[in-house]
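Chemist: predicted model and sequence below, questions to follow.
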Amino acid sequence: FYAPPKQVYDSHIELSGQEAKHATKVLRYREGDTINIVDGTGGWYDCTIAQVAGSIVKATIEHAKQISSPTPEIVLAMGIIKKRDRLEFAVEKSVELGVKEIVLFRSRHTIKENIRIDRLEMTALSAMKQSLRAHLPEITILDNVESVLDTYFDHQVLVAHEKAEAKSGISIEQRKKNKTMLLVGPEGGFSEKEIRMTIDKGGQVISLGKNRLRAETAAVVFLSQFI
Ligand code: SAM
């Protein structure tokens, strides 16, 4: 289960909202049952349910540990794609694979501008729990490729570009960097101007093979090379 840090006290944790409902109404947990709770920032707690009071579940902490964040730190920056289920797929799989943050950006070839970030956050939350991770990646939206590059100026930037030479895969040195941002374009791809700007700001263009992949597939293939 998930409880944000503000609901974690010295000796107990409170589950509320959907988490409490899921525990009591769907899974039918009761006082005395044991559960695991994560706080999204690395805190992992083995707990016993002490009280179910209305829509709040109070759980006593039996054992607490801090899980270190996945290394290297990977930020996935992905152009907003039109189909909601495909974007959700990309978010779900990248959380399962241990991404640190997800940035969705608008770009020259973005078709859809507005997205429901709350739904994507739910997807990320459920992927974190499903994959037994304790870190909940933040999801942010930025207005263009330039803002993405400026925000993550201290990261190694690798940009997946289908027009890159097929042999320019990811090197061992690139895999070893502590902080990397992976840029994946939307369904319409990057404009030449966006690619040029990325290279001018120190980014490196990477091929994921000679075939054209859907953006969400490219994100998963790209990320899987860092786990
Ligand atoms: N027509 C678009 C174009 O010309 O770029 C296709 C875009 S593709 C469906 C969406 C994104 O996935 C691309 O911008 C790129 O980031 C990534 N991608 C897809 N296939 C790739 C490949 N073989 N190598 C590297 N990146 C790829």
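Modeler: The structure has been received and is ready for your questions. Numbering: from 1, shown residues only.

Chemist: mind checking how far residue 3 is from the ligand?
Modeler: 36 Å (Cβ to the nearest ligand atom, to the nearest Å). Just so you know, the C-beta spots here come from the backbone N, C-alpha and C atoms, and that holds for glycine as well.

Chemist: my read: that residue touches residue 37, true?
Modeler: Yes. Judged on Cβ atoms under 8 Å, residue 3 makes contact with residue 37 at a distance of 5.4 Å.

Chemist: shared neighbours of the two, anything?
Modeler: Both residue 3 and residue 37 are contacted by 13, 15, under the criterion Cβ atoms under 8 Å, 6 or more residues apart in numbering.

Chemist: buried stuff in stretch 204-213?
Modeler: 205, 206, 207, 208, 213 (16 or more other Cβ atoms under 10 Å).

Chemist: just the CA trace of that stretch, in PDB.
Modeler: Below are the C-alpha coordinates for stretch 204-213, written out as PDB (Å, rounded to 0.1, in the frame of the first residue of the first chain):
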ATOM      1  CA  GLN A 204      23.900  12.700 -28.000                       C
ATOM      2  CA  VAL A 205      21.700  11.100 -30.700                       C
ATOM      3  CA  ILE A 206      21.000   7.400 -30.300                       C
ATOM      4  CA  SER A 207      19.500   4.700 -32.600                       C
ATOM      5  CA  LEU A 208      17.400   1.900 -31.300                       C
ATOM      6  CA  GLY A 209      17.800  -0.100 -34.400                       C
ATOM      7  CA  LYS A 210      16.900   0.200 -38.000                       C
ATOM      8  CA  ASN A 211      13.100  -0.100 -37.600                       C
ATOM      9  CA  ARG A 212      10.700   2.600 -36.600                       C
ATOM     10  CA  LEU A 213       9.300   1.900 -33.100                       C
END
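
Chemist: wait, does it contact the ligand?
Modeler: Yes. Stretch 204-213 reaches the ligand (Cβ under 6 Å from any ligand atom) through 207, 208, 209, 211, 212, 213.

Chemist: closest to residue 155 out of the residues you listed?
Modeler: Nearest to residue 155 among the residues of stretch 204-213 next to the ligand is residue 208, at 19.1 Å by Cβ to Cβ.

Chemist: quick check: pLDDT value at that closest one.
Modeler: pLDDT, residue 208: 93.

Chemist: repeat for the one 4 residues further on
Modeler: For residue 212, the model assigns a pLDDT of 94.

Chemist: tell me the secondary structure for it?
Modeler: Under DSSP: H, G, I helix; E, B strand; the rest coil, the three-state class of residue 212 is coil.

Chemist: can you list the residues of stretch 204-213 next to the ligand in TSV and add distance to residue 152?
Modeler: Listed next are the residues of stretch 204-213 next to the ligand as TSV, based on distance: Cβ to Cβ, whole Å:
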residue	distance to residue 152
207	21
208	20
209	25
211	28
212	26
213	23
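
Chemist: which one of those residues is nearest residue 41?
Modeler: Set against residue 41, the nearest of those by Cβ to Cβ is residue 208 (31.6 Å).

Chemist: thanks a lot, catch you later.
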